[in-house]
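Asks: I'd like to go over a predicted model; first the sequence, then the structure.
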Amino acid sequence: MIELYYWPTPNGQKISIMLEECGLDYEVKRVNIGAGDQFDPAFLAISPNNRMPAIVDTDTGISVFEGGAILIYLAEKAGMLLPEEQVPRFEVLQWLFWQAGGLGPMAGQLSHFVNYVEEDLEYPLKRYANEYDRLLAVMDVRLKDRDYLAGDYSIADIASFPWVVPYRRLGNDLDKFPRLRRWFDELKVRPAVQRGVDLGKEWRRDEARNEKARAMMFDQNAETVFAAARALEEQRSPK
Ligand SMILES: N[C@@H](CCC(=O)N[C@@H](CS)C(=O)NCC(=O)O)C(=O)O
């Protein structure tokens, strides 16, 4: 059984889609990031970056944080969506890391400035909108002569899909990316993708307009991490 530490955001949905695709048994543990659940010492013990998603595999006792690592773990456990053979495996891994280091962070920053910042800050909006646009074009070109990012449908597609979903809200449009649109339209009707994207969507409140939630998520610094680490220490060995 997989325990999935989750909140319905694109990074969380990468893993809910994967679990639905694999058909592995899982139980959802809510990590309400607007309410501060990411600082719970019990969660910190499995996710030292104070971010969801994370998983615990109760069959092995292994816990994993970071979406890309979780996807690899689940693909290996289920024996699907990540080839074993070296050449196709590295096709998938390159595109998985491309998502984790490029599409995810850039779309995430763009989403921050679009959804959470009231001032109209021209420079960061332009910077991240351009980068998101560029990355969508990289996918479009890549999909010119293949159906999926790394050949067969894989964890690279699963990781990337949730960050293409909000393209309209992020000010983009798929009309200029016909191959990406074909890929997107195909993935969005997969039943497992739909179940994964829908998981917990009713839990979300309007965090963008909730001052407490914004402070919880965006007023973090080193002291936040040290305080969470002290709380974990205290729980492990109370004075
Ligand atoms: N690279 C990480 C990113 C995880 C991440 O940024 N999660 C966000 C939600 S999308 C989070 O937990 N935020 C909590 C916070 O900002 O305090 C992954 O892919 O797992």
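Replies: Sure thing, it's come through.

Asks: tally of neighbours for the residue of the chain found nearest the ligand?
Replies: Closest residue of the chain to the ligand, C-beta to the nearest ligand atom: Gly67 (3.0 Å). In this view, the C-beta of every residue, glycine as well, is placed from N, C-alpha and C. Counted with other C-beta atoms under 10 Å, the neighbours of Gly67 add up to 27.

Asks: Any chance you could list what contacts the helix or strand of the chain with the lowest mean pLDDT?
Replies: Lowest by mean pLDDT, DSSP states H and E among the helices and strands of the chain is helix 211-218, with a mean of 88. The list of residues contacting helix 211-218 from outside it, by C-beta atoms under 8 Å, 6 or more residues apart in numbering, reads Ile33, Gly34, Ala35, Gly36, His112, Tyr116, Arg205, Glu207, Ala208.

Asks: repeat that with 7 Å
Replies: With contact meaning C-beta atoms under 7 Å, 6 or more residues apart in numbering, helix 211-218 is reached by Ile33, Gly34, Gly36, Tyr116, Glu207.

Asks: again with stretch 61-71
Replies: The contact list for stretch 61-71, computed with C-beta under 7 Å, 6+ apart, reads 11, 14-15, 18, 46-49, 53-56, 73, 96-97, 100, 155, 158-159.

Asks: so which of the residues you listed are also by the ligand?
Replies: By C-beta under 6 Å from any ligand atom, the members of the contacts of stretch 61-71 lying near the ligand are Asn11, Pro53, Ala100.

Asks: The last one: what secondary structure?
Replies: Which is Ala100. On the three-state scheme (DSSP: H, G, I helix; E, B strand; the rest coil), Ala100 is labelled helix.

Asks: Below-threshold pLDDT in the protein: ranges please.
Replies: Along the chain, no part satisfies pLDDT under 70.

Asks: Write out the residues of it neighbouring the ligand.
Replies: Within the chain, the positions lying close to the ligand (C-beta under 6 Å from any ligand atom) are 9, 11, 33, 38, 50-53, 66-67, 100, 104, 217.

Asks: any chance you could map the strands in this structure?
Replies: In the chain, the strands defined using DSSP state E lie at 2-6, 26-30, 54-57, 62-65.

Asks: JSON lines please, covering the ones you listed and showing mean neighbour count.
Replies: Below are these laid out as JSON lines (neighbours: other C-beta atoms under 10 Å):
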{"stretch": "strand 2-6", "mean neighbour count": "22"}
{"stretch": "strand 26-30", "mean neighbour count": "16"}
{"stretch": "strand 54-57", "mean neighbour count": "23"}
{"stretch": "strand 62-65", "mean neighbour count": "17"}
